[in-house]
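Trainee: What shape does this take:
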Amino acid sequence: MPVFTFSGKDANGQKVSGQRMAPNKASLEQTLRRERITPSSVREKGKEFALPTFGSGKVKVKDIAVFFRQFSVMIDAGLPLVQCLEILAANQENQTFQKTLTGVRTTVEGGSTLANAMRQYPNVFDDLTTNMIEAGETGGILDIILQRLATYVEKAVRLRAAVKSALIYPVAVVSIAVLIVGALLKWVVPIFANLFAGLGVDLPLPTRMVMGLSAFVQSFWWIFLVGAVGIVFGLKQIRKSPTGRYYFDKTLLNIPVVGTLLRKIAVGRFTRTLGTLITSGVPILEGLSITARTSGNAVLEEALMKVRKAIEEGRTIVDPLRECGVFPNMVTQMIGVGEATGAMDSMLQKIADFYEEEVDAATKDMLAMLEPAIIGMLGITIGGIVISLYMPLFAMIAKLSG
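Mentor: Predicted structure coming up:
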């Protein structure tokens with residue numbers, strides 16, 4: 001019997017790895033899933049190379065949504081699974097996605113389930129997708145599950161697009177402002193400095209401050225570049241550490257305007273994900289575990305894992321949700337009503353719809369607040385530099401007129 005090496009995550013999201021003897025790869029994957037381990041890599045020792053993870057950051061979420069929609073139509077029409085994958089792979093313009101689907105088809109042809117085949121490509125198909133596919137295969141409702149996945153991904157794309165559209169304007173304006181100020185300090189201010197030095201006039205304090213800042217930029221411009229790179233690198237290192245990521249996300253949630261928006265996004269994503277999983281037949285404990293890992297926020301992830309543990313101990317979902325202090329009272333009350341009436345999945349979807357509308361409204365409000373503030377700061381900064389440069393000229397003109 002061959003020996004396989006594997007790695008993956010357990011129900012608590014902890015990384016696990018080891019070696020097992022099994023008749024084949026599919027059998028080992030099924031055994032690991034029964035032990036509540038989600039395998040990310042399984043290979044036969046000494047004979048197989050590690051499977052490549054195609055599409056790392058290269059497959060667009062929109063392409064995946066279209067794939068699920070087309071896949072569901074084909075399955076509903078009665079086409080065989082392998083043929084569906086073959087057709088969809090052949091029609092993909094994205095080469096990495098095409099290779100991924102070809103690999104999935106090859107694995108399915110070898111006797112594996114669709115969910116196990118997709119688990120070989122975790123950078124394209126996440127835990128939520130593979131667990132829902134597995135539930136669909138088990139219950140014989142794969143076409144319905146694919147439709148739900150397509151709807152879920154499409155709504156996630158719309159939510160992400162709404163947030164990006166709100167950030168484009170302020171980021172663009174601030175970037176242009178920084179470039180303009182840098183150009184003034186590097187090329188325009190030195191011209192006035194040489195002019196004032198030749199005239200031998202006394203410079204007022206604002207002018208001297210601008211001249212000093214210009215001289216600093218001329219000599220040490222690289223400090224700003226190194227500082228920007230250092231900040232980006234430092235934030236990435238903080239995000240790599242579990243503790244650092246937790247406190248970073250907690251700090252973001254406590255920022256007055258941005259924190260409110262991020263909290264609404266997190267609640268909308270949580271309710272949409274958990275509601276989709278429960279509707280698809282995934283057990284609530286497994287659904288909470290998947291939702292926590294795919295939440296994108298360390299504070300929310302920790303809260304959901306605590307809720308999961310409390311439910312394992314026999315408690316209802318409402319009390320631990322309320323105790324964690326992350327979710328608004330309205331959310332916990334609606335979930336409690338859904339749990340009491342046995343309609344938690346539909347209640348979660350309604351909460352998600354409500355919060356997605358709230359995110360749209362919040363992004364518009366934030367943009368409305370940022371526009372005048374950014375324009376005002378831009379006017380004060382550039383106007384202050386220009387006025388400080390002309391102040392000695394005004395003084396000279398007044399002196400000559402006198």
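Trainee: Quick test: name the residue nearest the centre of the chain.
Mentor: Gly296 (5.7 Å; CA atoms, centre = their mean).
Trainee: tell me which element the closest residue to that one other than its chain neighbours falls in.
Mentor: Spatially, and ignoring its direct neighbours in sequence, Gly296 is nearest to Arg269 (7.1 Å; CB to CB, 6 or more residues apart in numbering). Quick note: C-beta positions are derived from backbone N, CA and C, even for glycine. Counting by DSSP states H and E, the element that carries Arg269 is helix 256-279.
Trainee: Was I right to think the residue nearest to Gly296 contacts Tyr152?
Mentor: No - the pair Arg269 / Tyr152 is not scored as a contact, 10.2 Å apart, by CB atoms under 8 Å.
Trainee: before we move on, back to that, show me what the helix holding Arg269 is packed up against.
Mentor: If contacts are counted by 3 or more CB pairs under 8 Å, 6 or more residues apart in numbering; DSSP states H and E, helix 256-279 sits against helix 127-139, helix 142-183, helix 242-254, helix 284-293, helix 298-312, helix 344-401.
Trainee: Give me the pLDDT for the spatially closest residue to Ser295 that is not a sequence neighbour.
Mentor: Of all residues beyond its chain neighbours, the one nearest Ser295 is Glu301 (5.1 Å), with distances taken as CB to CB, 6+ apart. Looking at Glu301, its pLDDT is 89.
Trainee: Return the most buried member of the helices and strands packed on helix 256-279.
Mentor: For those, the largest average neighbour count (mean count of other CB atoms under 10 Å) is found in helix 284-293, namely a mean of 22.
Trainee: and that helix, what other elements does it pack with?
Mentor: Looks like helix 284-293 contacts helix 127-139, helix 256-279, helix 298-312 (3+ CB pairs under 8 Å, 6+ apart).
Trainee: Could you dump those helices into JSON lines with distance to Gly110 added?
Mentor: Shown next, in JSON lines, are the helices and strands packed on helix 284-293 (distance: least, CB to CB, whole Å):
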{"stretch": "helix 127-139", "distance to Gly110": "16"}
{"stretch": "helix 256-279", "distance to Gly110": "28"}
{"stretch": "helix 298-312", "distance to Gly110": "34"}
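Trainee: Leu149: what's it in contact with?
Mentor: 68, 129, 132-133, 276 (CB atoms under 8 Å, 6 or more residues apart in numbering).
Trainee: I'd say the residue nearest to Ser295 and Ile290 touch.
Mentor: No - in this structure, Glu301 is not within contact of Ile290 by CB under 8 Å, at 11.1 Å.
Trainee: What ranges in this protein fall below the confidence cut-off?
Mentor: 1-3, 23, 45-57, 402 (pLDDT under 70).
Trainee: Domains in it, by residue range?
Mentor: If you go by automatic domain parsing, the domain ranges for the chain are 3-44, 61-154, 156-402.
Trainee: How far does the longest one sit from its chain's centre?
Mentor: Read it as domain 156-402. Distance of domain 156-402 from the chain centroid (CA atoms, centre = their mean, to the nearest Å) equals 13 Å.
Trainee: gap between Arg119 and Thr5?
Mentor: 15 Å (CB to CB, to the nearest Å).
Trainee: the more surrounded of these two?
Mentor: Arg119 (29 against 16; other CB atoms under 10 Å).
Trainee: So that one sits against Phe125, correct?
Mentor: Yes - Arg119 is within contact range of Phe125, at 7.2 Å (criterion: CB under 8 Å).
Trainee: wait, doesn't Gly13 sit right on Arg293?
Mentor: Yes - if you go by CB under 8 Å, Gly13 and Arg293 touch, sitting 5.2 Å apart.
Trainee: Need the overlap of contacts for these two.
Mentor: Shared contacts of Gly13 and Arg293 (CB under 8 Å, 6+ apart): Glu301.
Trainee: dump the residue contacts of Asn94.
Mentor: Contact analysis of Asn94 by CB under 8 Å, 6+ apart lists 55, 58-60, 63.
Trainee: Could you list which of the residues you listed belong to helices?
Mentor: Those of the contacts of Asn94 mapping onto helices are Asp63, per DSSP state H.
Trainee: Can you tell me which of the contacts of Asn94 is closest to Pro256?
Mentor: Taking CB to CB as the measure, Pro256 lies nearest Lys60 of the contacts of Asn94, at 33.3 Å.
Trainee: quick one, helices of the stretch 1-150 of the chain?
Mentor: 25-34, 61-76, 81-90, 95-109, 114-119, 127-139, 142-183 (DSSP state H, counting those that start in this stretch).
Trainee: Which other helices and strands does the shortest one contact?
Mentor: Just to be clear, that refers to helix 114-119. Contact here means 3+ CB pairs under 8 Å, 6+ apart; on that basis helix 114-119 packs against helix 25-34, strand 38-44, helix 95-109, helix 127-139.
Trainee: Likewise for the second one?
Mentor: Helices and strands touching helix 61-76, by 3+ CB pairs under 8 Å, 6+ apart, are helix 81-90, helix 95-109, helix 142-183.
Trainee: Which one of these lies nearest to Val326?
Mentor: Between those, helix 142-183 lies closest to Val326; by CB to CB that is 18.5 Å.
Trainee: Next SSE downstream of the closest one?
Mentor: Trace forward from helix 142-183 with DSSP H and E and the next one is helix 189-199.
Trainee: Not counting its own residues, what contacts that next one?
Mentor: 203, 207, 210-211, 214, 218, 385, 389, 392, 396.
Trainee: Farthest pair within the residues you listed?
Mentor: Gln218 and Met396 (24.9 Å).
Trainee: Could you report the separation of the residue nearest to the centre of the chain from Thr129?
Mentor: Applying CB to CB to Gly296 and Thr129 gives a distance of 15 Å.
Trainee: Leu235 now?
Mentor: 29 Å.
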